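# Here's a sequence, model it:
(4 chains)
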There are 2 protein chains.
Amino acid sequence: MDNRQRLLDCALSLFSLCGYDAVGVQEVVEAAGVTKPTLYHYFGSKRGLLEALLKQEAGKLLAVIAESAKYHGDLVATLENIAKAYFHVVQEAANYYRMQVGMFFSPPKSEANQAIQPYIRQQAEILEEVFIKAGADHGNLRGRHQRYAAGFLGEINAVIGLYLNNKLDLTGDVVYQLVHQFMYGIFS
Amino acid sequence: MDNRQRLLDCALSLFSLCGYDAVGVQEVVEAAGVTKPTLYHYFGSKRGLLEALLKQEAGKLLAVIAESAKYHGDLVATLENIAKAYFHVVQEAANYYRMQVGMFFSPPKSEANQAIQPYIRQQAEILEEVFIKAGADHGNLRGRHQRYAAGFLGEINAVIGLYLNNKLDLTGDVVYQLVHQFMYGIFS
DNA sequence: ACAAAAATATACCGATCGGTATAATATATC
DNA sequence: GATATATTATACCGATCGGTATATTTTTGT
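Below is the predicted model of the structure:
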């Protein structure tokens, strides 16, 4: 009865490791120990499988990030919470996060990119809102919220990239250094 | 008689737009107006076509970046030169740069990721060397060159991402703001 | 107990995948 | 002008692609 979830789990492993296009439907069902009509019963198509996977996993991620991004007047603290949340998600679901970032940077006409776009946009909105609200307290941020949100996430993903390649650990110290460098510069 | 170059050009367009896996050999040769044995004569395989493409395009990019990254005691000026160089490359060869970033973030077992790895490593080494040399002048940078190189490139790519989605222009002002925020923080 | 519906398997579809054997056509060398 | 070499085309290969028609099993509602 959990064949549906097992298909999702196997799809996540294979997609994140080899890529959506490179993985055949046959490969997914064999890994899950079922046959093709079972997959098509639950998901209708390969694309449907991908979208169900994103709905489940990206939904979880968005909830965690949104919770971490509540701004209460202290921008440094908020950014630290956000960085901590991303690092936590990556450590709990490295495969999924790798896949999400890969899909974001995948070619614009690929199915993978089109499927991830709505979730990426929500993510961007959450981060932008932080800088917009902080702009009320720090006037000179205004008009740059989009760039700051993208830049901050870019730095987070850069560090996550190092972590996924075993180049560094995601300690609390990294959170501190990342946020303070972003806020006060490289010498802080 | 320039069928070889035409194949490379068409492959670049298609790969960057739709992805390496999603583009068939047949599609490439049709776009180039030749037949399959012509492609296999020049490149031996689909993978060989990709590698020839990278050798040509990534080589050009690396030369430009390396030239821009010569450190002469002024870190701010060097980072501005690097950012300018990246922006210049992106404006001259948007398709290729999009493809390169996409391949960098593609799944670790995909052919695309494996093919781009050596070039990405060279790029990282160029950037890290800047921060290592700057560490001689600014002691408190030492031991963090890897993180700073990755973080700086992450911010550059974040801005480039906004540009490729028509969210902002790559003006000299963006260079200034990016580098100064990186060096002196968000309020600079 | 029985019928309706959900879930799974067998076997198959046409299309496309990357790749090639063979042969014809240019092009350059002598 | 003959010969060797590089280049291109015709036609094809087995394998895999995503997807499905049909039938059977399992579960559910009554």
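
# Just the buried residues of the helix or strand harbouring A:L12, please?
Assigned by DSSP states H and E, A:L12 falls within helix A:3-18. Neighbour-count burial for helix A:3-18 flags A:4, A:7-8, A:10-18 (criterion: 16 or more other Cβ atoms under 10 Å in any protein chain shown). The C-beta positions use only the backbone N, C-alpha and C, and glycine is treated the same way.

# That one close to DNA strand D?
No: for helix A:3-18, no contact with DNA strand D is found by Cβ under 7 Å from any atom of the strand; the gap never falls below 10.0 Å.

# Okay, angle between the helix ranked longest in chain A and helix B:3-18 too, please.
If you go by DSSP state H, chain A has its longest helix at helix A:111-137. Put simply, helix A:111-137 runs at 60 degrees to helix B:3-18, going by axes from the mean of the first three to the mean of the last three Cα atoms, to 10 degrees.

# which parts of helix A:111-137 are buried?
Applying 16+ other Cβ under 10 Å to helix A:111-137 flags A:111-116, A:119-120, A:123-124, A:126-135 as buried.

# ok, then the element right after it?
helix A:145-164.

# The nearest residue to A:H72 once chain neighbours are set aside: which element?
Excluding the flanking residues, the one nearest A:H72 by Cβ to Cβ, 6 or more residues apart in numbering or on different chains is A:T78, at 7.4 Å. Using DSSP H and E, A:T78 sits within helix A:75-92.

# Point out the other helices and strands that that helix packs with.
With contacts taken as 3 or more Cβ pairs under 8 Å, 6 or more residues apart in numbering or on different chains; DSSP states H and E, helix A:75-92 sits against helix A:46-68, helix A:111-137, helix A:145-164, helix A:172-184.

# Do you know the pLDDT at A:M1?
Per-residue confidence (pLDDT) for A:M1: 62.

# List the residues that contact the residue nearest to A:L8 when sequence neighbours are not counted.
Distances taken as Cβ to Cβ, 6+ apart put A:L53 closest to A:L8, at 5.4 Å, once the chain neighbours are dropped. Residues in contact with A:L53 (Cβ atoms under 8 Å, 6 or more residues apart in numbering or on different chains) are A:8, A:11-12, A:15.

# residues near the nearest residue to A:G161 once chain neighbours are set aside, how many?
Once flanking residues are discounted, A:G161 sits nearest to B:A150: 6.5 Å by Cβ to Cβ, 6+ apart. Residues near B:A150, counting by other Cβ atoms under 10 Å in any protein chain shown, number 24.
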